[in-house]
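J.: mind folding the following:
(2 chains)
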There are 2 protein chains.
Amino acid sequence: MPVSLVKESDVDVLVIGAGPAGLMCANGLAKAGVNVRIIDKRPDKVAAGQADGIQPRTIEVLQSYGLAQRLLREACQMHMAAFYNPSDDGGIVRTSRAPDVTAPTARYPFAVTLHQGAIESIFLDSMKSAGLVVDRPIAPTSLELSKDEKVLKDPTAHAVRVVLKRLDAAEGQVDTEIVHAKFVVGADGAHSWVRRSLDIAMEGAQTDFVWGVVDMIPETNFPDIRVRCAIHSNNGSCMIIPREGDMVRLYIQLSDADALDPSTGRVDRNKMGPEKLIDVARKSFYPYTIETPHSFDWWTIYQIGQRVAAKFSVSERVFIAGDACHTHSPKAGQGMNASMNDTHNLIWKITQVLRGSADISLLKTYEFERRKYAQDLIDFDREYSALYSTKPQTEQNKDGVSHEKFLQIFQTFGAFTSGISIHYAESAIVDAKHQSVAKNLIIGKRILPQILVRAADARPYELQDLLPADMRFKILIFAGDTTQVAQRIKVEKLAQEMGRPESFLKKYTPGEEWNKVFDILAISSGKKEHVNYTELPKLFRSHWSKVFVDDVDITGTQGGQAYEYFGIEPVGAVVIVRPDGYVGFVSSFECVRDIDGYFASFMKSL
Amino acid sequence: MPVSLVKESDVDVLVIGAGPAGLMCANGLAKAGVNVRIIDKRPDKVAAGQADGIQPRTIEVLQSYGLAQRLLREACQMHMAAFYNPSDDGGIVRTSRAPDVTAPTARYPFAVTLHQGAIESIFLDSMKSAGLVVDRPIAPTSLELSKDEKVLKDPTAHAVRVVLKRLDAAEGQVDTEIVHAKFVVGADGAHSWVRRSLDIAMEGAQTDFVWGVVDMIPETNFPDIRVRCAIHSNNGSCMIIPREGDMVRLYIQLSDADALDPSTGRVDRNKMGPEKLIDVARKSFYPYTIETPHSFDWWTIYQIGQRVAAKFSVSERVFIAGDACHTHSPKAGQGMNASMNDTHNLIWKITQVLRGSADISLLKTYEFERRKYAQDLIDFDREYSALYSTKPQTEQNKDGVSHEKFLQIFQTFGAFTSGISIHYAESAIVDAKHQSVAKNLIIGKRILPQILVRAADARPYELQDLLPADMRFKILIFAGDTTQVAQRIKVEKLAQEMGRPESFLKKYTPGEEWNKVFDILAISSGKKEHVNYTELPKLFRSHWSKVFVDDVDITGTQGGQAYEYFGIEPVGAVVIVRPDGYVGFVSSFECVRDIDGYFASFMKSL
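T.: Down below sits the predicted model:
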């Protein structure tokens, strides 16, 4: 009689699902040195199609992990949008071309497209350099949380028991494994097994709008085939999304007769193929022509649904992220972005808790911050996708949406679709007490991009690049004009305050190694010709590269606007940026001890 | 009795020497698909020290081979320069900080430093991806050109016979090889074996100035240790060059007593070590302090000499490049730049001759263009290094060089030291007949950088990035405002002219494949909101990505100045850019047939 051998193992974090949300999570944790494992039930990554849009804020986030350069090299950039409406002669005519991204503070003033498989490859290669690969094909079969409250509250306990099944195990091989994890992240898609096993409900509804999607290399005389283009014709609506290489994605509005099974009211994939989708699209392109290509890269049909999970976490031990907790239309290209930003929000929190720097309660802010965002997203999506599915205003159809209205909504939503406007509400980690000290650095929003000039060598740097996602809190010392003796005395006093043994710098860090948890940058408002980095207190120049000036660069073309843009007065300020790039706290020099209070609300002294 | 087995082989191009000049050459040829071999007598690449400065024009050139991104990631950027002169209290004081690069058209407004070994690695990795590695350690022992004039004139003949000796051959192994090459490039350094074997004389002289060099990580309170800094003190001169990482290079002026052997008058390396060099430097740093570091990365002592080879090639079959044909002081950081630009000039010429597109006489332009540049370089270097070696003007020394004079010369020479001002004289490939058509695109100078916006998708591009070193001539069609019907008719007529069977596009290219030898880009002066790329003649849009507009980009922050900056009128122009990025010819629409004449002077019809 064979003995059943079941493998057992421990891990700090188990990530279930290797799509964009799961890969962002596993890569970030691995780079932070966390003991993490990632599994997926699919034998391979996505080959074509699926999600493809990366919004400006997501590019900033990827850049903070050192991944944007490759993305920008491989992806298609969408700088412009075009709008077509019915013409008098029964065809369509261009109403306008406009910027695709309208968020004025976006560091990258464009969105990009790249197929999901290529985006996953960027993460896979980065993870590999940290020694992590996706374990696949593996599916979870059971998940149990400890029922012991004491265990649940101890972040060092392996409080979650997950049973995994290896799907490609040969007969006779061990195919079952019990994993004891401290934390589990369920990033396993719209039909999330983790979500269902935790009995978390999805709240929301399905709409009646049905759309088809095709990815292909087009042959056409349409002049706006390489920009994001919304075509509203009297023969249907169509949206063009240019893709990497010569590829283009078309979103094509379908009538119920085209797409639905009359008996069930659900999408019938047998009624439609990619050739038929092109036939439908062709009508809205008229008088421009578009050929049916010899082959298609990918195609699908979908019905728009807008749903958000009732909970994003259970006992701060199991989290769900990405499509597992929100589904919406792909029209505004938000899906993959919301997913990656979910786990971007979670990575540093799990890391700080595992390192013992932060209290486990910090993890409550994940649901608090991301669920509200997901709700805003589906509210937005409801209005936005209805807009795309509504007929254009014409002589015959006066109730239709006018081009002016469409363009206005398109641009109003710009801040939202770009991902730039995310504003986390007040919590332990978002404390707006001294907002007035840096009026335009909104606490709870991401740090604004801005060019600074390094004091020691006058090299210009984008501030965001000085704040990588390295899990450290960034302490920005806006030091005022350090070429003035009186100001230098104030700055010296600030350094003394921050150097006290009771200061946050010492309290939450092992030994003298405050720079394992914090990074300090100083920004003088003096001129690059006169500021000497050697004149700042040693605490504010742990390395010669840590001192900057808010001045134009040596070519006179960029920089010199940070104090004004951020709303910081010449007396100076201290700005705390969270490890995920969001402003957490600001303080005047005088109130520097309030920073101790900010960190005391979620950090654990060692 | 052992039989002597000598290996024999054929190759199109044999490159001797794997320093910057040789590697640039071999990499460029390999990427162009040329059958090339590169050998070096050293068993390994340079580990530390040596040349380290890359000037703005060289960055542009490396970018045209796709190599600048890595360089900029690894290197130190020098944006600022600082100048110190004697102070009243016997020490030094900063007179000013100023831009390090003063050439207003530089695309990269800074120079970079990176040690020669790291630069060589960039080439080695790029070559490897084209299947080429350096064969080492191998030295040439004899070189013979065919004496048959007919053979010499036939570019398909292997007219050069080189005997090579493998230096690490085990006893009994074959250590000798006879290589029959079509062309040989001697990039084997200041003591070039190739140059000596061809009996080419070096013309010029040695100066009396002796300098020491140390590479190290400094411990100092000097505030300008991270910028290019010229210190003129009454206790000697010193120049600081910041390096990658935390390293710094010091150039230290030495007295004869410090450095020379009195019996020979030559540098005596036994008299000096790196610690002694720091002791000398310390005197010029006073009142700032600089510690003697625990270790040095590299050091040397040199005497300035300025020499140029009498010939750069023999029978257009054997070429010398880099230090093999010019030596000068390292003070202005020109050495490695001149070397790489030598072979950059040669690569496309050899490639076109080997492909049968160009006549072998094209190769005469290598010496014509590069030897004149080398002479300008040593003339400049003589004045420039004397300046650095001269005492500062003080009360006691009224004949010394004043700071104003120094700064003025530093900035006047900016265009030269940046490499931007290179201006090749008229020849078969530099024909300024119609210069007035594009007044500011100086024929014989490199194409000016400028931002254009792609018509199909409004993505901004740097023009230089549209002109990679892919060995093709770039035909820039400045098409005027193509939103105007009258202008479109003129552009259509131009396309018809260029499409004639007698046109250069057809005459020098196999079959219909003109784009193997040429690339055509069209630049409309219309607005991005109105230009349709589909409205240009097919010849000018071989792909949707080939049409651009001279308009501001969608953010309104860059672009839209090309016509004006280049001095091109709205009627349009055609600009021919050589494969190395230098303007070769310009023409009006009316004189388009003169382009046929330009190419006829050095191309060979197939």
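J.: tell me which element residue A:27 is part of?
T.: helix A:20-31 (DSSP states H and E).
J.: what about residue A:125, neighbour count?
T.: 12 (other CB atoms under 10 Å in any protein chain shown). (C-beta placed from N, C-alpha, C; glycine too.)
J.: who are the packing partners of the helix holding residue A:27?
T.: Applying 3 or more CB pairs under 8 Å, 6 or more residues apart in numbering or on different chains; DSSP states H and E, one finds that helix A:20-31 contacts strand A:7-16, strand A:36-39, helix A:116-129, helix A:335-355.
J.: try 10 Å
T.: Applying 3 or more CB pairs under 10 Å, 6 or more residues apart in numbering or on different chains; DSSP states H and E, we find helix A:20-31 packed against strand A:7-16, strand A:36-39, helix A:56-64, helix A:116-129, strand A:176-186, helix A:335-355.
J.: now do the third one: which elements does it pack against?
T.: In this case it means helix A:56-64. Looks like helix A:56-64 contacts helix A:20-31, helix A:68-74, strand A:111-113, helix A:116-129, helix A:335-355, helix A:414-417 (3+ CB pairs under 10 Å, 6+ apart).
J.: closest point of the stretch 1-150 of chain A to chain B, which residue?
T.: For the stretch 1-150 of chain A, the residue closest to chain B is residue A:80, as judged by CB to the nearest CB, at 3.7 Å.
J.: does that residue touch residue B:456 like I think?
T.: Yes: Residue A:80 lies in contact with residue B:456 (CB atoms under 10 Å); the separation is 9.4 Å.
J.: more neighbours: which of those two?
T.: Legend: neighbour count by other CB under 10 Å for residue A:80 and residue B:456, higher for residue A:80 (27 against 23).
J.: got the contact list for the more buried one?
T.: The contact partners of residue A:80, by CB atoms under 10 Å, 6 or more residues apart in numbering or on different chains, come to A:97-101, A:110, A:224, A:226-229, A:242, B:453-454, B:456-459, B:528-529, B:553-554.
J.: what's the burial count for residue A:439?
T.: 12.
J.: ok, it touching residue A:575?
T.: No: judged on CB under 10 Å, residue A:439 makes no contact with residue A:575 at a distance of 11.9 Å.
J.: what's the overlap in contacts for those two?
T.: A:566, A:568, A:586.
J.: neighbour count added to those, as a markdown table?
T.: Below are the shared contacts of residue A:439 and residue A:575 laid out as a markdown table (neighbours: other CB atoms under 10 Å in any protein chain shown):
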| residue | neighbour count |
| --- | --- |
| A:566 | 24 |
| A:568 | 24 |
| A:586 | 31 |
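J.: those residues: which ones sit near chain B?
T.: Of the residues in the shared contacts of residue A:439 and residue A:575, proximity to chain B by CB under 10 Å from any CB of the partner chain holds for none.
J.: restricted to strands, list the residues you listed.
T.: Counting by DSSP state E, these place residue A:586 in strands.
J.: just give me the closest of the shared contacts of residue A:439 and residue A:575 to chain B.
T.: Nearest member of these to chain B, counting by CB to the nearest CB, is residue A:566, at 20.0 Å.
J.: what about the nearest residue to that closest one once chain neighbours are set aside, neighbour count?
T.: Once flanking residues are discounted, residue A:566 sits nearest to residue A:441: 4.8 Å by CB to CB, 6 or more residues apart in numbering or on different chains. Residue A:441 has 24 neighbouring residues, counting by other CB under 10 Å.
J.: just checking, residue A:441 is part of a strand?
T.: No: using DSSP: H, G, I helix; E, B strand; the rest coil, the secondary structure at residue A:441 is coil, not a strand.
J.: doesn't residue A:574 make contact with it?
T.: No: here residue A:441 lies out of contact with residue A:574, judged by CB under 10 Å, at a distance of 11.4 Å.
J.: one step back: dihedrals phi and psi, the residue of the stretch 1-150 of chain A closest to chain B?
T.: phi -120, psi 150 (degrees, to the nearest 10).
J.: roughly how far does residue A:200 sit from chain B?
T.: To chain B, residue A:200 is 42 Å away according to CB to the nearest CB, to the nearest Å.
J.: look up the pLDDT of the residue most central in space within chain A for me, please.
T.: By CA atoms, centre = their mean, the mean C-alpha position of chain A lies nearest to residue A:341, the distance being 2.8 Å. Looking at residue A:341, its pLDDT reads 97.
J.: one step back: for the residue of the stretch 1-150 of chain A closest to chain B, which non-adjacent residue is closest in space?
T.: Using CB to CB, 6+ apart, the closest residue to residue A:80 is residue B:458 (3.7 Å).
J.: how about the one you found, secondary structure?
T.: coil.
J.: pick out the residue of the stretch 251-400 of chain A closest to chain B.
T.: residue A:288 (9.2 Å).
J.: and that residue, what is it in contact with?
T.: With CB under 10 Å, 6+ apart, residue A:288 has these contacts: A:84, A:91, A:92, A:220, A:221, A:222, A:223, A:224, A:225, A:231, A:282, B:534.
J.: so of the residues you listed, which ones are in strands?
T.: Using DSSP E, the contacts of residue A:288 in strands are A:84, A:92, A:231.
J.: and the longest helix seen in chain A, what's buried?
T.: In chain A, with assignment by DSSP state H, the single longest helix is helix A:364-389. By neighbour count with 16 or more other CB atoms under 10 Å in any protein chain shown, helix A:364-389 contains the buried residues A:364-371, A:373-374, A:377-378, A:380-382, A:384-385, A:387-389.
J.: now do it against strand A:176-186, angle only.
T.: 70 degrees (axes from the mean of the first three to the mean of the last three CA atoms, to 10 degrees).
J.: enumerate the residues of the stretch 501-606 of chain A near chain B.
T.: A:527-535, A:543-545, A:553-558.
J.: ok, 7 Å please
T.: A:529, A:532, A:533, A:534, A:544, A:553, A:554, A:555 (CB under 7 Å from any CB of the partner chain).
J.: give me the buried subset of these.
T.: Looks like those have A:529, A:532, A:533, A:534, A:544, A:553, A:554 buried, using 16+ other CB under 10 Å.
J.: thought the third one was touching residue A:457?
T.: So that's residue A:533. No: if you go by CB atoms under 7 Å, residue A:533 and residue A:457 don't touch, sitting 9.2 Å apart.
J.: any residues in contact with both of these two?
T.: Residues touching both residue A:533 and residue A:457 by CB atoms under 7 Å, 6 or more residues apart in numbering or on different chains: none at all.
J.: which non-adjacent residue is nearest residue A:159?
T.: residue A:146 (4.3 Å).
J.: neighbours of that neighbour, just the number please.
T.: The number of residues near residue A:146, taken as other CB under 10 Å, comes to 17.
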